[in-house]
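Undergrad: Could you work out the structure for the sequence below:
(2 chains)
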Amino acid sequence: MDLSFSKEEVAFRDEVREFFKNNVPPETRKKLVEGRHLSKDEMVAWWRILHKKGWGVSHWPKEYGGTGWSSVQHYIFNEELQMHPAPAPLAFGVSMVGPVIYTFGNEAQKKQYLPRIANVDDWWCQGFSEPGSGSDLASLKTKAERKGDKYIINGQKTWTTLAQHADMIFCLCRTDTNAKKQMGISFIVFDMKSKGVTVRPIETIDGGHEVNEVFFDDVEVPVENLIGEENKGWDYAKFLLGNERTGIARVGVSKERLRRIRELASKVESGGKPIIQDQGFREKLAACEIELKALELTQLRVVADEGKHGKGKPNPASSVLKIKGSEIQQTTTELLMEVIGPFAAPYDEHGEDGSNEAMDWTAQIAPSYFNNRKVSIYGGSNEIQRNIITKAVLGL
Amino acid sequence: MDFDLSEEQRLLKESVDGLLNDSYDFDSRKKYRAEKGGWSKAVWSKLAEQGLLGLPFPEADGGFGAGAVETMIVMEALGKAMVLEPYLPTVVISGGFLRHGGSAAQKAAHVPGIIDGSKTFAFAQLEKNSRYDLSDVVTTAKKKGDGWVIDGEKFVVINGENADTLVVTARTKGGQRDQTGIGVFLVPADARGIAKKGYPTQDGLHAADITFTGVEVGADAVIGDPENGLALIERVVDEARTALCAEAVGAMDESLKTTVEYLKTRKQFGVPIGSFQTLQHRAADMFVAVEQARSMSMFATMATDFENAKERATAVAAAKVQIGKSAKFVGQQSIQLHGGIGMTQEARIGHYFKRLTMIENTFGDTEYHLRRVTEGGGLV
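TA: Residues are numbered from 1 along each chain as shown, chains lettered A, B, ... in the order given. Prediction:
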């Protein structure tokens, strides 16, 4: 047992850290630190820098542009990326549809889509959730009817993150209405500019626009856009959701936020002294740091296990990552709220792009707190995670 | 980066688990408790035969030169079986004082008896008003000729009644809470002027309150520097805290396992109660708490080798906070999910709860260690 990084791993960490320091656009970093949203151009510009370095699709197989890093190296890369902070590669393309295509797609599909995902020529979005199908995803109703060499798609998706930027969507559609609900689903990809696709924004409680409703009205999609076999989509969806187990803890994000809490709590005063000197506050902060240290080690246990025994057999501890990771992220936003106290109130109605110079830096703290309530809901709510532990680990 | 046990460590785990599986079911434990001093000499001999009592001592002193990971493995196993025998006070604590601070002569005099199982030890540290502060010492050791005279009172000394030798902290200089002027002394338990009042503890162990009245010991009784013993005490107590973290993880593992088993077998409304989602999610939260505790137990185990004493102390304090919180949650919910049967002495589960509760209050509780982490400047 040895919980420290090897000399090579430390050298790798320094290399990654140095690269972020010299290559992440400062304005991009600043916006992330302050909890503001980035424009599409800002994100794409950064991802292309990353891709040029060869790190854009780091976990893909080497033949499709991956790095061949060890599990620990991937961990270090993600942690440094989150701590810098810099935007993570677009999950919908790089972590979700990419692996499905190189694992289940045909040669033509690999050739057509993978390089464009890697260079972010296409912005992908995810068509999974529907108004009536949240945690019970397999009950989805969006229909794809085969007509000659086309599918005709009708239905509605929701919570579609950043669909307003998207060029492509990967979509779970029902292709057999008579089969048991998990059995009749197919994994189909198509162009968001197709006739009959409508994107409608959903404004979230923080005033932001991250998610959308997407409507399909007789959308015609060529049959060659089916990935893998017809009616096997549920298997691919499970593969996709199980693929990214360790990133979900977002330890680096919470570390960066704790750094910011310390920074702000040293500036903001209460009772004539900085809040950071208040014993009650310090204890809350320390309690959060301890939880995070435990989570970091739990995550490393999963990572080290993957490195040794492969990804085939998930470590039971991995179920802990989503639950604790989201709880800690939420706690950090609560601590930020506590630091600024009454100055949480002003709302920047001109938007969150920082263009409104009159607004203080505090303006994004309450929205970030409100926004972070999502982390215990998305990616399988924490209650669904508990169901997974119940069944898969405890055998109840 | 490697969380796996080595081949040797795996074998150690198998052997200690095997030994306790054979000799330490819940009914045997009841019998051991009824023996004099509250534990079984026969079991202690078996631990010695398997080499477990000599694990952390260097080979030169007759031991096996094992490290913190091996102690973690043993303590987890002891926690699972709720072992009553004085491994912590004898091997971990007193052995720790001898290993880190003992002279060659002291080691030669005491280590063989620990390793072969013929002698046990107790750590007489707690005082009426010291609470968790290791530097709060009123008991005095005054120079007399070459030797020392010890006067004072120590409380809740685990294995205090049975021990052959007491390791006693005493003030050689300065005021009650001074950091300097504290020494560590090896005192024969049958020395003149020692009075013991023994009693069982809530968690099934045995302890004693011990009064020292003009107890005379020789110059060779002092471990290390008689005026600057605090750093040594802190180091050894950090190792004891780390061992307790591992013991708690073992006890939590077993509590969760026992509780899940109960959820599968106990029926109400015609179905196993484990089919109810409220109870399933509680059990899932217990699992999360145990895994977080296990991670921090490993962290503390690794930290005992840190060069920097402050970093070590902060890491161990952080682990004790996590273990304290997890142990409270797992212990309480184990009782809750068992329902009425969990309230009875007859059921095993309540005894885990009691041991976990006492571990939290040993060598600093959650609040105390949280404060220590803040004083250490945090973890991140």
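
Undergrad: what's the following helix or strand after the helix or strand hosting A:F12?
TA: Under the criterion of DSSP states H and E, A:F12 resides in helix A:7-23. Beyond helix A:7-23 in the direction of the C-terminus, DSSP H and E gives the next helix or strand as helix A:26-33.

Undergrad: Can you list the buried residues in the helix or strand following that next one?
TA: Helices and strands here follow DSSP H and E; after helix A:26-33, the next one along the chain is helix A:40-53. Buried residues in helix A:40-53, counted by 16 or more other Cβ atoms under 10 Å in any protein chain shown: A:42-44, A:46-47, A:49-51. Every C-beta, even on glycine, is put in place using the N, C-alpha and C of the backbone.

Undergrad: can I get the CA coordinates of helix A:40-53 in CSV?
TA: As requested, C-alpha coordinates have been extracted for helix A:40-53 and formatted as CSV (Å, rounded to 0.1, in the frame of the first residue of the first chain):
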residue,chain,number,x,y,z
LYS,A,40,-19.5,28.8,-27.1
ASP,A,41,-16.5,30.4,-28.8
GLU,A,42,-14.5,30.6,-25.6
MET,A,43,-15.0,26.9,-24.9
VAL,A,44,-14.3,25.7,-28.5
ALA,A,45,-11.1,27.9,-28.6
TRP,A,46,-9.8,26.2,-25.5
TRP,A,47,-10.8,22.7,-26.6
ARG,A,48,-8.9,23.1,-29.9
ILE,A,49,-5.8,24.2,-27.9
LEU,A,50,-6.2,21.0,-25.9
HIS,A,51,-6.8,18.9,-29.0
LYS,A,52,-3.7,20.4,-30.7
LYS,A,53,-1.7,19.3,-27.7
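
Undergrad: For the lowest-mean-pLDDT helix or strand in chain A, what is the distance to the chain centroid?
TA: Among the secondary structure pieces of chain A, namely its helices and strands, helix A:233-243 has the lowest mean (mean pLDDT, DSSP states H and E), a mean of 88. Here the centre of mass of C-alpha atoms in helix A:233-243, compared against the chain's by Cα atoms, centre = their mean, to the nearest Å, lies 16 Å away.

Undergrad: contact partners of it?
TA: A:95-97, A:99-100, A:103-104, A:128, A:137-138, A:172-173, A:175, A:182-183, A:185-188, A:227-228, A:314, A:379-380 (Cβ atoms under 8 Å, 6 or more residues apart in numbering or on different chains).

Undergrad: again, 7 Å this time
TA: Residues from elsewhere that reach helix A:233-243, judged by Cβ atoms under 7 Å, 6 or more residues apart in numbering or on different chains: A:95-96, A:99-100, A:103-104, A:138, A:172, A:182, A:185-187, A:227-228.

Undergrad: give me the low-pLDDT residue ranges for chain A?
TA: For chain A, the stretches with pLDDT under 70 are A:244-246, A:309-317, A:350-361.

Undergrad: Need the single longest strand in it, by residues.
TA: strand A:211-222 (DSSP state E).

Undergrad: Quickly run through the sheet partners of the helix or strand just after it, with directions.
TA: For strand A:211-222, the succeeding helix or strand toward the C-terminus, using DSSP H and E, is strand A:226-227. Partner strands for strand A:226-227, per DSSP bridges, with pairing direction: strand A:185-191 (antiparallel).

Undergrad: Next secondary structure element downstream of the partner strand?
TA: Once the chain leaves strand A:185-191, the next helix or strand it forms, by DSSP H and E, is strand A:197-202.

Undergrad: mind listing what that next one pairs with, with the direction of each?
TA: Paired neighbours of strand A:197-202 in the sheet (DSSP bridges): strand A:211-222 (antiparallel).

Undergrad: Pull the residues that contact the strand it pairs with.
TA: Defining contact as Cβ under 7 Å, 6+ apart, one finds that strand A:211-222 is touched by A:127, A:142, A:149-161, A:163-164, A:188, A:190, A:194-202, A:204.

Undergrad: Next one: the residue lying farthest from the centre of chain B from chain A, what distance?
TA: Here chain B reaches farthest from its C-alpha mean at B:G270, the gap being 43.4 Å by Cα atoms, centre = their mean. Between B:G270 and chain A the computed distance is 17 Å (Cβ to the nearest Cβ, to the nearest Å).

Undergrad: Tell me how far that residue lies from A:A344.
TA: B:G270 sits 51 Å away from A:A344 when distances are taken as Cβ to Cβ, to the nearest Å.

Undergrad: quick one, longest helix in chain B?
TA: With DSSP state H applied, the helix covering the greatest number of residues in chain B is identified as helix B:230-265.

Undergrad: re earlier: just after the least confident helix or strand of chain A, pick out the following helix or strand.
TA: The C-terminal neighbour of helix A:233-243 among helices and strands, as given by DSSP H and E, is helix A:251-267.

Undergrad: List the contacts of that next one.
TA: Applying Cβ under 7 Å, 6+ apart, the external contacts of helix A:251-267 come out as A:33, A:78-83, A:85, A:274-276, A:281, A:285, A:288-289, A:292, A:295-296, A:299, A:328-329, A:332, A:335-336, A:339, B:380.

Undergrad: Helix A:26-33 and that helix, what's the angle between them?
TA: Compare the direction of helix A:251-267 with that of helix A:26-33 by axes from the mean of the first three to the mean of the last three Cα atoms, to 10 degrees and you get 80 degrees.

Undergrad: partners of the following helix or strand past helix A:251-267, with directions?
TA: Next helix or strand after helix A:251-267 toward the C-terminus (DSSP H and E): strand A:269-270. Strands adjacent to strand A:269-270 in the sheet, as given by DSSP bridges, are strand A:273-274 (antiparallel).
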